[in-house]
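Trainee: Model the structure of this input:
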Amino acid sequence: MATSVALRNPIDSKICLEVAGRQRAGFELITLLTIFAVLVHGYHPYAEDGGIYLAGIKRLLDPQLYPYWSGFVTAHLRFSLFAPMVAFVVRQSSVSLMTVMLLLYIASTCMTLFAGWHLAIRCYRSLEACYAAVSLMALSLTIPIAGTSLMMMDPYVSARSISTPCALFALVGMMDIRHELNQGDSVLSWKSIGLCAGTLLIAAMVHPLMAGYALACVSLYLCSSSSDRRARITGALGFLAAALLLAVCISHFALPQIHDYTLVARTRTYWFIDQWRWYEQFGLAAPIAILGLVAFQRRSGIPMNSVWLAQVGIVAGITGLIVALLFARATSPINPVARLQPLRIFQIVYALMILAIGATLGELVLKRSISRWVAIFLLLGATMFCVQRQTFRNSAHLEFPWKTQTNEWQQAFLWIKANTPRDAVFAMDADYVTEPGEDAQNFRAIAERSALPDYSKDGGVASIAPTLTPQWVMGETLERDLDHAMDEHRIATLRSAEVGWVVLSRSAATMFECDYMNRTVKVCRLPGNYPPTSTIAY
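Mentor: Predicted structure coming up:
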């Protein structure tokens, strides 16, 4: 690896001119890291929130889908333009939905790493530091963010797949704006303003909540990078005061809580910091401490951009933590602030921490030693790969559209899609997504059929759309312990919800006629239900 040349550049006279000038090398690096990241972290388009977004897109493409209990499919459409934008691309391109989602996954991964690269070349002097910073980001994309039930980047496509790189690019734009201001330029570059404002606008269109946290960090950077120490302190304190005032207003002016909403809210245990275990609390303290080491170091020649970014992470993290401690507690009767999940700002804090750790490793440990680079890639890559395989142990690591699904729950859902009426209503055990081998694969997204709401994922939908609370309570109650219930109980409870089909584990006792069965799961008709157009038994 070549060393950097300390010459003047548009960002900082000591910041890696050679890296900034070698855009081709940057593109090549990001391309290789994108391929590596996809291979390490995998791709699971129907899993977790990916399945929720997919079902919403499918509903937009075919409004006849999900005629019953459709609120759990369409709820997120009110808050985001992500699904309409994807549906528009599918219609206009004539490319299949799952191919579009795969391309979006690869593109969003690439853009996140590209944004990390541009942050790195503005913050670190040496080529080794820049390479290591973005490489560690590529290796850490699926690291869980404490207190959020999020990852840095999900192994599927959601609105966050777009908002995350936009948030990082908005910081890049603000860094350029601040540099121009510090240089005394009378006219700011439209390129810098457009990058910052444009990416924030795109983030707001696809994920307003995450865009709000990105805007907060961009504003913090503008304050933190001031040459006036008093202005920096005032800005940090003002930011905290503004966040607390906003939380007070949200709590005071919130609409009356819907009956039973507390039951829904308490299914999201990660909302409430007073319910966390010690290692989850450590996940909040560690990033702030690590960024503190960067922000308050006094070595000469440290690029100020890296110090200012670290200060942004510290103030943002502490502010989110204080708001959560004061307003997002399980004992609170109303949870409007908890519903906004103030700790989600830690997604940006984690990104800044990972870049800082990577740069430090590159400068002090890896340097130009090929053997050390290979060792770190193999060690971290293998670790993250094993974690992902453990998480999705019964599914293919890369669930490409052209591959046959190996997960037996998915196989059952695909049989349902091909062999049951489009207006059929299904029921499964309320905790089906946590069943052994299910791997959190979303029924609606795969089977394209209506279903009673489950405890986990539909509980998450109802937690951010409180009007769905009555439906969630009803559906979750009907499905509670369905796998272990007697047939008489199943008939008595499910008929009231017009359910005609049940999906049970293979070991569940039933006298219902089951038209599909594999080693893990079976699909059965309630008595009196009309037979499907074709039946297949395994």
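
Trainee: Contacts only, for residue 128.
Mentor: By CB atoms under 8 Å, 6 or more residues apart in numbering, the contact set of residue 128 is 1, 362-363, 366-368. Quick note: C-beta positions are derived from backbone N, CA and C, even for glycine.

Trainee: got a winner among those residues for most neighbours?
Mentor: residue 362 (28 neighbours; other CB atoms under 10 Å).

Trainee: sec struct for the closest residue to it other than its chain neighbours, please.
Mentor: Leaving aside its sequence neighbours, residue 362 sits nearest to residue 132 (CB to CB, 6 or more residues apart in numbering; 2.7 Å). Following DSSP: H, G, I helix; E, B strand; the rest coil, we place residue 132 in the helix state.

Trainee: thinking again about what came up before, now, which of the contacts of residue 128 sits nearest residue 498?
Mentor: residue 362 (60.2 Å; CB to CB).

Trainee: Let me know the pLDDT of that closest one.
Mentor: pLDDT, residue 362: 92.

Trainee: hang on, isn't it packed against residue 131?
Mentor: Yes - if you go by CB atoms under 8 Å, residue 362 and residue 131 touch, sitting 6.1 Å apart.

Trainee: pLDDT averaged over stretch 376-385 - what is it?
Mentor: 93.

Trainee: For this structure, just list every one of the strands.
Mentor: Listed in chain order, the strands of the chain (DSSP state E) span residues 144-145, 150-151, 425-428, 450-451, 501-505, 513-517, 521-525.

Trainee: Turn these into JSON lines, including mean pLDDT.
Mentor: Converted to JSON lines, these look like this (pLDDT from 0 to 100):
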{"stretch": "strand 144-145", "mean pLDDT": "92"}
{"stretch": "strand 150-151", "mean pLDDT": "90"}
{"stretch": "strand 425-428", "mean pLDDT": "94"}
{"stretch": "strand 450-451", "mean pLDDT": "94"}
{"stretch": "strand 501-505", "mean pLDDT": "94"}
{"stretch": "strand 513-517", "mean pLDDT": "93"}
{"stretch": "strand 521-525", "mean pLDDT": "95"}
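
Trainee: Between these, which one is closest to residue 198.
Mentor: Ranking those by proximity to residue 198 (CB to CB) places strand 150-151 first, at 24.2 Å.

Trainee: Centroid-wise, who is the farthest residue in the protein?
Mentor: Ranked by distance from the centre of the chain (CA atoms, centre = their mean), the top residue is residue 528, with 42.6 Å.

Trainee: if I pick that residue, what's in contact with it?
Mentor: Contacts of residue 528 by CB under 8 Å, 6+ apart: none found.

Trainee: i'd like the first residue to be 35 from this point on
Mentor: New numbering, starting at 35: the last item is residue 562.

Trainee: ok, now how distant is it from residue 376?
Mentor: For residue 562, the distance to residue 376 (CB to CB, to the nearest Å) stands at 50 Å.

Trainee: got the contact list for the closest residue to residue 355 other than its chain neighbours?
Mentor: Spatial nearest neighbour of residue 355, chain neighbours left out: residue 318 (5.9 Å); criterion: CB to CB, 6+ apart. Remark: with contacts taken as CB under 8 Å, 6+ apart, residue 318 is in contact with 180-181, 351, 355, 377, 380.

Trainee: again, 7 Å this time
Mentor: Contacts here follow CB atoms under 7 Å, 6 or more residues apart in numbering; on that basis residue 318 touches 180-181, 355, 380.

Trainee: what does residue 203 give?
Mentor: Going by CB under 7 Å, 6+ apart, residue 203 touches 149, 229, 233.
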